[in-house]
Structures are given as structure tokens and as C-alpha cells.
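With the sequence up front, the predicted model follows.
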Amino acid sequence: MGESPLLTLFLAGFLILSSSPPVTFAQTDRLTSRSELLALYELRSSLGLRARDWPRAADPCLSWTGVSCESGRVTGLDIAGLKRTRLGRLMPQFKVDGLQELNRLTRFNASGFFLPGSIPDWFGARLPPSFSVLDLSGSGITGQIPESLGNLSKLTVLDLSLNHLKGPIPVSLGNLTEVKTLNLSHNGLSGSIPDPFWSLKSLSKLDLSGNVLIGELPTLSPSIGSSSTVLILSNNLYYGKIPLNFTTTFSRLASVDLSGNYFDGGAPIGSQSRGGSISISENCFLEASDQRSPADCVSFYSARGVPYDGPTSAAPAQQPSSKKSRKEMYILIAAIGGAGILLILFALITVLYCMCCRSGRRRRTSDPVLSRQQPRQNPIQSSQEPSSSPGGDRHVSTGGAHVSEAQSAVPAGGAQVNMTSVRRVANFAQVGDSYSYGRLRRATSDFSDANLIHRGHSGDLYRGQLDDGTRVAVKLMDQNVANKDAYLAAELELFAKGIHKRLVMLLGKCLDAPHGVKLLVYKLVENGDLGTVLHRKPCEKEGGEEEEEVHRKPCEKEEEEEVQSIDWIKRLKIATGVAESLCYLHHECEPPIVHRDVQASSILLDEKYDVKLCSLSESCVQEAENNNNNASGVISRFLKFSSASSEPSTSRAQPATCASDVYNLGVVLLELITGQSPPATSSAWLDRLLPSIDIYDKELITKVIDPRLILEEDHLEEVWAVAVVAKTCVNTRPNKRPTMRHVLKALEDPVKVVREDSRHGGKMRAASSRGSWNGSFWGSRRIEGEKEREAGGAELGGRSGSGGSNGERSFSIRRGSTEVVPEP
């Protein structure tokens with residue numbers, strides 16, 4: 001008996017379930033009309049839509065973006081936001097003939113989809129009677145609005161705004177008695193508003209703003225809309241008085257905007273100046289605020305020969321009150337006092353600067369080492385040994401003024417290397433292997449011109465092959481090289497910190513060569529530099545048949561296949577590799593090291609296109625507090641601005657900061673994207689490229705992409721994202737550029753980082769002291785005038801693009817970056 005209640009409940013539930021109707025699961029209908037399928041394929045072809053959005057092998061009702069179906073028939077098309085193929089973008093056109101075969105179509109939305117051309121006349125005759133929504137806003141449409149649109153009696157939404165339509169508004173549109181939204185704003189429509197428009201009772205929004213509609217409001221009794229209707233007639237050429245019947249109608253609508261016309265007479269009762277909802281600014285009303293100038297109003301009415309009832313003269317200017325005069329007097333006194341204080345401060349700073357300079361000269365005069373001066377001799381061309389002072393310091397001549405080599409050991413650009421770092425050259429014996437001078441002479445065939453890669457400001461570079469078969473690049477720094485000890489110290493000090501996989505490999509050095517010659521030995525990177533690979537042309541063989549293999553250029557395949565550009569995967573790999581190397585210098589070295597010569601010729605590529613950064617002789621420690629916060633440093637930085645107009649300045653006169661490396665990396669990224677080598681002065685080059693990089697329009701980037709670069713559709717967005725990163729890097733305000741750590745993060749997944757930050761502007765702002773990509777992107781874009789390259793650097797730049805072999809052009813140490821870094 002105890003189980004009977006449970007049994008009863010079980011039987012009752014079973015009876016309820018058995019009596020209820022069976023549960024069915026709705027399934028999305030597949031397209032059943034073959035004619036509609038063919039029509040969709042015709043639209044796909046004429047509009048040039050991508051296979052990603054409208055895949056060929058899939059059912060349109062199930063898989064095509066923006067296609068809506070009911071009962072196996074197409075009822076809606078929404079192509080807003082879709083993209084054309086590259087071929088479709090070359091020849092866009094307003095060709096939508098396939099819509100005529102969609103017999104149950106009720107809505108067509110092409111908002112923002114570029115459809116150059118005029119609206120076909122058959123729209124009103126061949127579209128189905130049930131058609132109710134037509135949105136062609138912002139589609140680049142031209143021509144006139146066809147009269148046949150008035151035949152779409154079921155139309156509830158008609159949006160043709162933001163186009164280039166001309167001519168009058170068709171009277172037939174007044175037949176659209178069921179229309180709720182009618183938007184014809186921001187075109188070039190002329191004439192007057194058709195009278196039937198004032199009888200459209202179903203309207204919830206009528207927007208005719210931003211046209212050249214002209215005339216007076218009619219004398220009829222309008223019955224337009226209801227209490228929730230919004231009426232916008234702003235920025236047209238309507239004039240005359242507002243009739244009383246229109247004033248009554250306007251006052252019962254939700255909102256009316258008549259601003260930017262030429263209405264005159266008294267302000268309507270429902271205007272905002274009287275506490276209503278009618279906006280009447282920028283008209284010619286009497287006794288109303290925010291109106292046009294009387295001269296403008298009189299000129300408009302006189303040109304049309306119509307009577308004018310508005311203000312004819314400006315209101316008399318009120319005499320300034322004594323309180324206002326007193327305030328202006330205080331401002332004038334404060335300005336004069338502030339100018340006096342600035343002059344006094346400037347005089348004090350000048351005096352302090354002069355005192356610091358005098359004390360510095362006094363210290364140098366009292367130093368027995370710095371006071372000894374002897375002219376430099378050429379150790380290669382002269383058989384005499386260089387003269388030495390009792391202290392053992394050799395001396396060089398620079399521009400006619402004789403100074404000790406320790407004092408002249410300053411790299412070009414003013415990044416100073418103190419005497420301690422120069423004297424530490426003798427302590428670098430443990431950095432790399434030590435090679436004998438004779439061995440390196442044999443490896444380079446006695447430094448013959450046949451093995452010369454190029455002559456650089458930090459030394460001459462030769463290719464060679466050691467006795468054990470190792471292919472090397474040897475940099476020879478003799479006393480013809482100014483500041484060679486400084487360059488040597490800069491490189492050895494950097495390599496003493498450790499070898500990074502993204503830096504060129506230093507094999508060793510020779511510091512005991514005769515005549516004070518210094519040599520550095522690097523591993524030869526076989527694939528050459530980025531400038532060679534990116535702008536590679538079919539090579540030519542040099543030398544005769546008896547030329548040694550080490551000197552022969554790899555041209556075996558030049559007749560078998562054309563030279564092809566490196567693909568996007570390799571270019572992105574190169575960009576990431578450069579960012580990794582600079583991230584090591586900026587964020588892993590302590591103190592941070594600035595490369596100062598980041599350009600295509602400083603980026604070496606091995607056989608796997610892994611980056612090896614070279615041209616390290618210009619590197620130096622980032623300017624820190626010890627250089628800028630002392631009295632003379634601050635004064636020097638302040639007085640640079642006064643002498644900038646009278647003394648020529650180069651990029652090296654700018655502070656050595658990590659932000660300058662970020663700028664130069666941005667130029668390299670643009671070079672990878674466009675395939676164009678930046679000129680010596682890149683201001684005009686950047687001004688031409690950067691307008692095509694828009695964070696909200698990915699298609700613009702196709703205008704500047706390297707034409708040799710064959711891109712899949714999936715990679716186009718990645719190219720755009722890298723371009724956005726590059727644009728933030730070349731911001732003319734250094735404090736608006738991202739750090740190298742964040743550039744590396746962006747290049748590892750550019751689309752994700754740029755897209756997320758454009759949606760959530762504060763996400764990276766919290767992670768980066770330099771702000772978001774979005775903020776950096778919209779920062780100051782005005783490029784300051786770049787300074788001309790030094791003559792030697794320009795010459796080396798041309799040589800690095802043509803000399804040497806494709807496989808052995810491993811170094812192209814040109815003059816440093818020409819970037820001008822305007823300080824904020």
C-alpha cells in the first residue's frame with residue numbers, strides 16, 4: 001500500500017505527456033527556388049562579394065552573410081559591412097539586376113556599401129509589391145531619385161542620405177502613405193519640398209537637411225506626422241515667414257529643426273527661445289538669439305528680390321563696464337610682469353651657462369693629459385710610427401683643432417663616450433676570440449678591393465674566409481677613422497653584455513695590429529641585408545672565370561626564374577625579429593641601449609630569414625639624468641632652441657632615446673609594407689603614405705601595398721594592423737610613441753592587439769605608459785622638416801643597394817638614421 005501514491009503519480013504524468021502534442025524542433029529552411037539561387041549568384045558576381053561572406057558551395061539561406069529566408073524563399077538582403085574582392089574594388093558599379101528575380105524580397109540594406117551610379121528606374125516597377133525597406137545611405141549614389149520609387153506603396157523605410165543625388169525631390173514620393181522613415185539628407189537636392197509630403201501622417205522621421213532646397217513654406221494646412229514625429233529641415237535655403245498653420249503643426253511634433261535657413265519675421269511660438277522644441281538658430285528672425293548677421297540676411301533677400309522682414313543692423317555695442325576694464329588692466333599687468341620675469345630668468349640661465357663653460361675650459365687646461373696635443377699621422381700610408389706623448393696617448397687632428405684621441409672619442413651626434421670607456425678597450429680581451437693580424441690579412445687577400453663590401457664611417461668592411469673555411473666579415477678601423485676607439489668601445493661593450501640571437505655574431509677581434517689598427521671579426525650572414533633582399537634585382541656576375549668562389553656572386557638561378565619578392569609571412573617575421581632585437585637593447589640591457597641606426601641596411605637576414613641586427617658602432621646608453629639634470633646639461637638643452645635656426649643640425653644632435661629607435665622601426669615597417677625605399681628626407685614620403693592608413697578603414701591600405709606582394713584575403717587585415725602600428729611609431733611626438741616592448745607584443749598578433757584597442761581604448765592605456773594605439777594613432781601627424789643626410793651617408797646608402805653579392809652583402813653600415821625627433 002505504501003507504493004500506491006507513487007504509482008498513481010507516475011500514471012498521471014504518463015497520461016499528461018501522452019495527451020500533449022508532439023514536440024517538434026524548427027529547422028532553418030534551405031533555399032528551394034532555383035531562379036532565386038541564380039539571381040543570388042548574379043548579385044554575387046556583379047557586386048564582387050568575397051567567398052568568405054557568400055561561399056559558392058554553401059546554401060545561401062544557411063551560410064551566406066546577410067541573406068534572410070522564409071519558407072525556402074529569400075525575403076531580405078543586408079550587404080552593409082560586406083567587402084568586395086580585390087577585383088571588385090577595381091571596378092565597383094551599381095548593378096543589382098538580380099533583385100528583380102527575388103519575388104518575395106521585403107528589404108534591401110546596402111548602407112555604406114559603395115555603389116557608384118544612379119538608382120535604376122526599374123526599382124519601383126520590378127521590385128515585389130511587398131517590398132518595405134530600402135536603405136542605400138552612404139553608398140556613393142549619383143544622379144536623380146527616380147519617379148518610380150513612388151510606386152512602392154508598402155515602403156516603410158526609405159533612406160538615401162549621405163549620397164550625391166541631384167535634382168528635385170520627386171512628387172511621387174508623396175504617394176508613400178505608409179512610410180515611417182524618410183531620410184534624404186546630405187545630398188544636393190534642389191527645388192522645394194513637394195506639397196504631398198506635408199500630408200504623410202504615418203511619418204515618424206522626415207530628414208531633408210544638408211541639401212539646397214529653396215522656397216517658402218506653402219499656405220496649406222499640414223497634417224504631417226504625430227506627437228512623436230521628428231522633422232529636420234536644417235541647412236537649406238528656405239526663407240520667408242513661417243505661416244501660423246505651420247507654427248501650430250510644428251508645436252505638436254516631438255522635435256523640429258529649422259536651423260541654418262533664412263526664415264525671417266517673428267520667432268515661432270514653439271521655438272527654443274520661447275521654451276519650445278523648435279530649433280531656429282542661424283536664421284533671420286527678429287528678437288532671437290544665435291541668428292545670422294544682418295548683412296548676410298539682407299544680401300540673401302536682395303539677391304532674390306523678395307521682401308525682407310528681419311534685423312537690418314547689428315545691435316549697438318555695449319560700453320564695457322568699469323569691472324570689465326579693471327579685469328583687462330589686471331591681465332595686461334600680469335602679461336607685462338610675466339614677460340619681465342622670463343627675461344630675468346633667461347639672463348640668469350645665460351650667465352650660469354657661461355660660468356659652466358669657463359669652468360670646463362679651466363679644467364681641461366689644468367689637465368696635463370688633455371693639454372698635450374700633437375698632429376695625427378696616417379699609419380697605413382706613412383712609414384713613420386705615430387708620435388706618442390710621455391703619457392702614452394696618441395693624438396688626432398679634427399677640423400684643424402688638435403685634441404687627444406681620448407677626448408675626440410665621441411661618436412657623431414654628440415653621444416659622449418668618456419675616457420674611462422675608451423681606456424677600457426684594453427680590458428675587452430675576453431670578448432670573443434683573438435685573431436692575429438696576419439691571419440685576417442690572408443683571409444681577406446691582404447684587404448684587397450675585390451673583397452671590399454663598402455667603406456663606412458666607422459671602418460672599412462671586407463669579406464673573407466678563414467683557414468678553417470669559416471666565412472667572415474672583417475671591419476678594419478685605422479687612424480683614418482675618426483673616433484675609432486669610441487666605436488670599438490661601443491661595440492665591444494655591447495657584446496660584453498652577452499650575445500643575443502637577434503644581434504650579429506661577433507667572432508672576435510684584433511687589437512694588437514701595427515700602426516694602431518683595430519679589427520673586428522663577424523660571422524658572415526649569407527642572405528644579405530633587408531634592403532638588398534626587399535629591393536633585389538637580377539644580379540650580375542663580377543670578375544672573370546678565374547675568380548675565387550669566396551668572391552663569386554650566387555647568380556646560378558637568375559636565368560632560370562624571375563626574382564620574386566619575399567612574401568608577407570617572411571616580412572612579418574622580419575619585423576618581429578627587429579622588434580625582438582631592439583626590445584633586448586631597450587628593456588633587457590641595464591642601462592637601456594639606443595641603437596641609433598635602425599634601417600633596412602642594418603638588418604641582416606640568414607638563410608631562414610631570421611634577423612641579425614648589425615651597425616652597432618653607433619649604439620650608446622640612453623641619455624639619462626646624469627646628462628640632463630645637471631646645471632650645464634639643462635642649460636645646454638634649453639639654449640639649443642635659440643641656436644637651431646642659425647646652426648645646421650643633424651639627427652645626431654637630437655637626444656639618444658629609445659623613442660628614436662621606435663620611430664626608425666616604424667619607417668622600416670612601412671618599407672616592408674610598401675616595398676619602397678625611403679628617400680634621404682622622408683617627410684614627403686611619409687605624408688604620402690600615412691593618409692592611406694586609417695584605423696577605421698582597412699581598404700585604404702591597398703593603395704600603398706607593395707604591388708609585388710601577393711596577399712591572401714586573410715593576410716590583408718594583418719597588413720593593415722601592422723600599418724597602424726607603424727603609424728603610431730612615427731608619431732612626431734616622442735612621448736606618444738609606444739615602447740618597444742608593446743610594439744613587439746603588437747607584431748606578435750597585430751590584428752588582435754589593434755582591433756581590441758580600437759574597441760576598448762583604455763585597455764592598453766593601462767598597460768602602457770605611452771597610451772593606446774588608438775590614442776597614438778590620432779596623435780599629432782604633422783611631420784617636422786627632416787634634415788638632409790650627411791654626404792657620406794647618402795653615398796654609402798647608394799652603394800649598399802648595388803655593391804656586393806646577394807649572398808655576401810652582409811653588412812651595410814651607413815650613416816645613422818636621418819630621423820628628426822621633435823621634442824614635445
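Great, that's in hand.

Can I take it that Leu352 is in a helix?
Yes: counting by DSSP: H, G, I helix; E, B strand; the rest coil, Leu352 is found in a helix.

How many residues are close by it?
Leu352 is flanked by 14 other residues according to other Cβ atoms under 10 Å. Yep, even glycine has a C-beta here, placed from its N, CA and C like the rest.

With the one 3 residues further on instead?
Summarising burial for Met355: neighbours were counted as other Cβ under 10 Å, giving 13.

before we move on, what about the one 3 residues further on?
Arg358 has 10 neighbouring residues, counting by other Cβ under 10 Å.

give me the low-pLDDT residue ranges for this structure?
1-28, 270, 272-276, 314-325, 359-429, 479-484, 498, 537-564, 623-655, 757-824 (pLDDT under 70).

Can you list the residue ranges for strands in the stretch 51-200 of the chain?
For the stretch 51-200 of the chain, the strands defined by DSSP state E, counting those that start in this stretch occupy 67-70, 73-78, 107-109, 133-135, 142-143, 157-159, 164-168, 181-183, 188-190.

Residues in contact with stretch 67-74: which ones?
28-33, 36, 40, 54, 60-61, 75-78, 102-105 (Cβ atoms under 8 Å, 6 or more residues apart in numbering).

got CSV for the strands of the stretch 51-200 of the chain, with mean neighbour count too?
CSV is the format used below for these (neighbours: other Cβ atoms under 10 Å):
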stretch, mean neighbour count
strand 67-70, 17
strand 73-78, 20
strand 107-109, 19
strand 133-135, 20
strand 142-143, 15
strand 157-159, 20
strand 164-168, 16
strand 181-183, 20
strand 188-190, 17
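
Next, format these as a markdown table and append distance to Ser277.
Formatted as a markdown table, these follow (distance: least, Cβ to Cβ, whole Å):
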| stretch | distance to Ser277 |
| --- | --- |
| strand 67-70 | 37 |
| strand 73-78 | 34 |
| strand 107-109 | 31 |
| strand 133-135 | 27 |
| strand 142-143 | 35 |
| strand 157-159 | 24 |
| strand 164-168 | 29 |
| strand 181-183 | 19 |
| strand 188-190 | 25 |
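
and the end-to-end length of stretch 522-534?
Taking Cα to Cα, to the nearest Å, stretch 522-534 runs 23 Å from one end to the other.

ok, back up a step: drop the exposed ones from the contacts of stretch 67-74 and show what's left.
Neighbour-count burial (16 or more other Cβ atoms under 10 Å) is assigned, among those, to 31, 33, 36, 40, 54, 60-61, 75-78, 102, 104-105.

In a markdown table: those, plus distance to His742.
As requested, the buried ones among the contacts of stretch 67-74 are exported to a markdown table (distance: Cβ to Cβ, whole Å):
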| residue | distance to His742 |
| --- | --- |
| Leu31 | 48 |
| Ser33 | 53 |
| Glu36 | 50 |
| Leu40 | 45 |
| Trp54 | 38 |
| Pro60 | 43 |
| Cys61 | 45 |
| Thr75 | 48 |
| Gly76 | 43 |
| Leu77 | 42 |
| Asp78 | 37 |
| Leu102 | 49 |
| Arg104 | 52 |
| Leu105 | 49 |
